[in-house]
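Trainee: Pasting the sequence and the predicted model now:
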Amino acid sequence: MKKISHIITRTPAKSLINGLTSVNLGKPDYQRALEQHNKYIQALQQCDVDITILPPDERFPDSVFVEDPVLCTPHCAIITRPGVKSRRDETKIITDTIERFYPNKIERITAPGTVEAGDIMMVGDHYYIGLSARTNQAGADQTIEILEKYGLCGSVIKLEKVLHLKTGLAYLENNNLLAAGEFIKKPEIQHLNIIEIPEQESYAANCIWVNGKVIMPAGYPTTKNKIIALGYHVIEVDTSEYRKVDGGVSCMSLRF
Ligand code: CIR
């Protein structure tokens, strides 16, 4: 990736406290979540990007996780079809914004396909698509067909345990890939330089590369040291309230 120019985020709604979750960490504290979101934006502001901040939408508890309803590539944007009903119409409240950035270059996933872009990881021109509880084979097939139309390509990786592909993987450019748990041994990614994230820090496998800097969750010293050792400038942000609803640093932005 040469440069990320644009970032889109959305202010969390108060309904975030009712966001979907698979972990037993209690409900997010809205005020803290809001403060953490502000700090997340401040971190992004250090990365030489322009930032669009969309307004909160109370109808969608998980709508702060803008990564899922759209896949932004350098050549087109794909409006996805989230695999869970409560999130499906999040695509409708973001499409106008995406149209401004991608005039006449918008594609769509259609039924019976389902895709959440948290399941899609870009490595150069190649897109790895996680087959998960949220992204199905039909959705992955449609995604690959669209990517190929734009000179890009894709392939699938089957998930076993985690929610999204990028829950356990983060590509930091320059061949470097953070991997946790079920992903460490996946044959599809062994050609990359895999940095193993220890089990007790698996949440920190969800990081983002933004123009040479790596934004990661605060409180994971082993992972932090491994990323610094690779030569990156690390910015830590506290995402404790988002972790309670299965969210991390990648989920809260679209980067293109
Ligand atoms: C959900 O279950 O959909 C949200 N609570 C969390 C979404 C996290 N998004 C991501 O990993 N891209």
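Mentor: Good, I have the coordinates. Being a predicted model, the structure only gives us computed values, none of them experimental.

Trainee: Spell out which parts of the chain neighbour the ligand.
Mentor: 19-21, 62, 65, 67-68, 87, 118, 163-164, 166-167, 245-247, 250-251 (C-beta under 6 Å from any ligand atom). Backbone N, C-alpha and C define where each C-beta goes, glycine included.

Trainee: Please, a PyMOL command that selects the buried ones among these?
Mentor: Here is the PyMOL command that picks out the buried ones among the residues of the chain next to the ligand, judged by 16 or more other C-beta atoms under 10 Å:
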select buried, resi 19+21+62+65+67+68+87+118+163+164+166+167+245+246+247+250+251
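
Trainee: Please name the nearest non-neighbouring residue to residue 177.
Mentor: What sits nearest to residue 177 in space, not counting adjacent residues and going by C-beta to C-beta, 6 or more residues apart in numbering, is residue 192, at 4.2 Å.

Trainee: That neighbour contacts residue 178, correct?
Mentor: No: using C-beta atoms under 8 Å, residue 192 makes no contact with residue 178, being 10.1 Å away.

Trainee: And those two? Which one has more around it.
Mentor: residue 178 (26 against 16; other C-beta atoms under 10 Å).

Trainee: ok, which stretches of the stretch 1-150 of the chain are helices?
Mentor: In the stretch 1-150 of the chain, helices defined by DSSP state H, counting those that start in this stretch lie at 30-45, 85-88, 95-101, 137-149, listed in chain order.

Trainee: Dump these into CSV; add mean pLDDT as well.
Mentor: Converted to CSV, these look like this (pLDDT from 0 to 100):
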stretch, mean pLDDT
helix 30-45, 98
helix 85-88, 98
helix 95-101, 98
helix 137-149, 98
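
Trainee: Name the nearest residue to the residue of the stretch 51-200 of the chain found nearest the ligand, sequence neighbours excluded.
Mentor: As assessed by C-beta to the nearest ligand atom, the ligand sits closest to residue 118 within the stretch 51-200 of the chain, at 2.3 Å. Nearest residue to residue 118, sequence neighbours excluded (C-beta to C-beta, 6+ apart): residue 164, at 3.5 Å.

Trainee: my guess is the one you found meets residue 130, correct?
Mentor: Yes: using C-beta under 8 Å, residue 164 makes contact with residue 130 at a distance of 6.3 Å.
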